[in-house]
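Visitor: what's the 3D shape of this:
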Amino acid sequence: MNTAPQDIETDGAACRIHRDAPGWDGLRTAAIGGFRCGSAAAGAGILAKAEEALRCEGFQAILGPMDGDTWHSYRLVTESDGSPPFPLEPVSGPYDREAFEACGFTPVSSYISARAPLDEAIGPSVPPAVDGVTVRPWDGEEAQGLLAHLFDMSAASFAANPFFKPISREAFQALYEPVLPAVDPRLVLFARDADGIVGFLFGLPNLAEGKEPKTAIVKTYASRRRGVGHLLLDTFHRTARDLGFTDVIHALMHEKNVSRDRSQRHAARVFRRYALMGKRL
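Guide: Numbering: from 1, shown residues only. Below you'll find the model as predicted:
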């Protein structure tokens, strides 16, 4: 079967069908990405057209919006305080949610982004410590080596996440290379012990605020030892404040992930909610 993405366009709407999508509850699943619509009716119409084609091919479920997998853009915005989007955040059109709901899609996984003043995020607490673990920023050298480390840690740490689908190292590097010019090496942290890397945190400035942003973004972090995630997040907050940032965004956390609990402990308040939508056929 041809698994190349298929573009569909109608009057007022467009989408892309990905037939090689992550599975959902053991069902043969496709994904709908590249979605845009000029009205809820047009959006629901093109989703129905894609659904009918996939049903005839024997698919049992559809996920969306999802550009093929969770490494690429996915999720739609369900609630917002109206603040501008930040780098690497999914952006929804004004009718996207209504279109998916009108076609019978419901949320299958929910996410949030939260914001806090760095002074409140740090508070009066003493910096945490983990026996034998040190945290250092990326030195800014060997970008390919950085991406290799990020790939290895991400693939291992997120393999158990819902809708995870492996990708190749080459595909990961192609995805993140365009982001590197926006990265401040001081906001990319690695935790190491005697055996090597045991955690990482990938952060970046919110360049949507202009040339002198005041917000630092925690895009993702993961660890292999208890306490290392807390250590990385606290180190990031203190580093960002020392660099002159005043606020932090904890980006795109799953509502049931431990990172959400950590975020709340650091005084972060939710300002955006997202959902991955799904429909069983």
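
Visitor: any idea how far the residue nearest to residue 262 when sequence neighbours are not counted lies from residue 272?
Guide: Leaving aside its chain neighbours, residue 262 sits nearest to residue 233 (6.0 Å; criterion: C-beta to C-beta, 6 or more residues apart in numbering). The C-beta positions use only the backbone N, C-alpha and C, and glycine is treated the same way. Residue 233 sits at a distance of 19 Å from residue 272 (criterion: C-beta to C-beta, to the nearest Å).

Visitor: ditto for residue 15
Guide: Where residue 272 is concerned, residue 15 sits at a distance of 23 Å (C-beta to C-beta).

Visitor: and the residue nearest to residue 262, what helix or strand is that in?
Guide: Using DSSP states H and E, residue 233 sits within helix 228-242.

Visitor: Quick check: next helix or strand after that helix?
Guide: Criterion used, DSSP H and E; the element after helix 228-242 is strand 247-254.

Visitor: List the strands paired with that following strand, with their directions.
Guide: strand 106-117 (antiparallel), strand 215-223 (parallel) (DSSP bridges).

Visitor: Out of those strands, which gets the lowest mean score?
Guide: Note on those: lowest mean pLDDT is at strand 215-223, with a mean of 94.

Visitor: Hey, what's the angle from it to helix 228-242? Just curious.
Guide: Between strand 215-223 and helix 228-242, the angle comes out at 160 degrees (axes from the mean of the first three to the mean of the last three C-alpha atoms, to 10 degrees).

Visitor: so where's the stretch 1-150 of the chain uncertain?
Guide: 1-2 (pLDDT under 70).

Visitor: Which parts of it are strands?
Guide: Listed in chain order, the strands of the stretch 1-150 of the chain (DSSP state E, counting those that start in this stretch) span 6-10, 13-18, 29-37, 61-64, 76-80, 106-117, 134-137.

Visitor: how distant is the third one from the center of its chain?
Guide: Yep, that's strand 29-37 we're talking about. 17 Å (C-alpha atoms, centre = their mean, to the nearest Å).

Visitor: Give me the contact list for that strand.
Guide: 5, 7, 12-19, 21-23, 43, 46-47, 50, 54, 59-69, 72-74, 93, 95-96, 99 (C-beta atoms under 8 Å, 6 or more residues apart in numbering).

Visitor: The same query, at a cut-off of 7 Å, please.
Guide: 12-19, 21-23, 43, 46-47, 50, 54, 59-68, 93, 95-96, 99 (C-beta atoms under 7 Å, 6 or more residues apart in numbering).

Visitor: Also stretch 120-139?
Guide: 146, 185-186, 188-194, 198, 225, 227-228, 230-232, 234-235, 237-238, 241, 248, 266-268.

Visitor: Now the terminal residues of that stretch, how far apart.
Guide: 28 Å (C-alpha to C-alpha, to the nearest Å).

Visitor: ok, now which ones touch the residue nearest to residue 262?
Guide: With C-beta under 7 Å, 6+ apart, residue 233 has these contacts: 201, 218, 221, 262, 266.

Visitor: Okay, it and residue 280: tell me how far apart.
Guide: Relative to residue 280, and taking C-beta to C-beta, residue 233 is found at 37 Å.

Visitor: next one: residue 90
Guide: From residue 90 to residue 280 the distance is 23 Å (C-beta to C-beta).

Visitor: quick one, which of these two is more surrounded?
Guide: residue 90 (19 against 13; other C-beta atoms under 10 Å).

Visitor: Make sure that one is actually in contact with residue 274.
Guide: Yes: the pair residue 90 / residue 274 is scored as a contact, 6.4 Å apart, by C-beta atoms under 7 Å.
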